[in-house]
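Sequence first, then the predicted structure:
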Amino acid sequence: MIYVDADACPVKAEAEAVATRHGVEIAFVSNGGLRPSHNPLVRMVYVAEGPDEADKWIAEQCGAGDVVVTNDIPLAARCVEAGARVVKPNGERLTAANVGNALATRDLMTDLRAADPFRQGGGKGFTKADRARFRDALERAMRG
């Protein structure tokens, strides 16, 4: 099973294509606002409004052998702990070996942004190369 933290996920179409190629069910989990797919392998899961409701649902459902697509580092840590393989939309794999560092970096960046309220964005745009890296990483994750 593939679980996608879908509210702000830029690679939903790519994830669905990989799931279809492998004949694996995929769940797009969100607070709503996503168009249903006609693909019989796609399950739309709408959770209650509120912070982290989709994250809570995914963390409770996923387990060994599942793949989770998310940019949310705390969710990724919970999923890795449950035995799932985690892929970020940019193609980065989060594993037991690196998710702790990712959490620490996230916390540090949160503290830096809080210390400088005038610091704005600075993130890069999402590119075709990011999409290609994601597809490749998800294919590898599907194989184990």
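Sure, I can see it. Numbering: from 1, shown residues only.

Excluding covalently adjacent residues, which one is nearest to Asp55?
Leu75 (4.3 Å; Cβ to Cβ, 6 or more residues apart in numbering). The way it works is simple: take the backbone N, C-alpha and C, and place the C-beta from them, glycine included.

Now do the end-to-end distance for stretch 29-38.
Stretch 29-38 has its terminal residues 16 Å apart, counting by Cα to Cα, to the nearest Å.

actually stretch 45-59, sorry about that
14 Å.

Quick one: distance of that stretch to the chain centre.
In terms of Cα atoms, centre = their mean, to the nearest Å, the gap separating the centre of stretch 45-59 from the centre of its chain is 13 Å.

Report the buried residues of it.
Using 16 or more other Cβ atoms under 10 Å as the test for burial, stretch 45-59 gives 45-47, 53-59.

How about stretch 68-75?
68-70, 72-75.

if we can go back for a sec, among the buried residues of stretch 45-59, name the ones in strands.
Counting by DSSP state E, the buried residues of stretch 45-59 place 45-46 in strands.

right, and the helix or strand after the one helix or strand in the chain whose mean pLDDT sits lowest?
When each helix and strand of the chain is scored by mean pLDDT, DSSP states H and E, helix 99-115 comes last, with a mean of 58. Sequence-wise, the next helix or strand downstream of helix 99-115 (DSSP states H and E) is helix 128-143.

from the buried residues of stretch 68-75, which ones fall inside strands?
Going by DSSP E, the strands hold 68-69 from the buried residues of stretch 68-75.

between the buried residues of stretch 68-75, which is closest to Ala6?
Nearest to Ala6 among the buried residues of stretch 68-75, counting by Cβ to Cβ, is Val69 at 8.4 Å.
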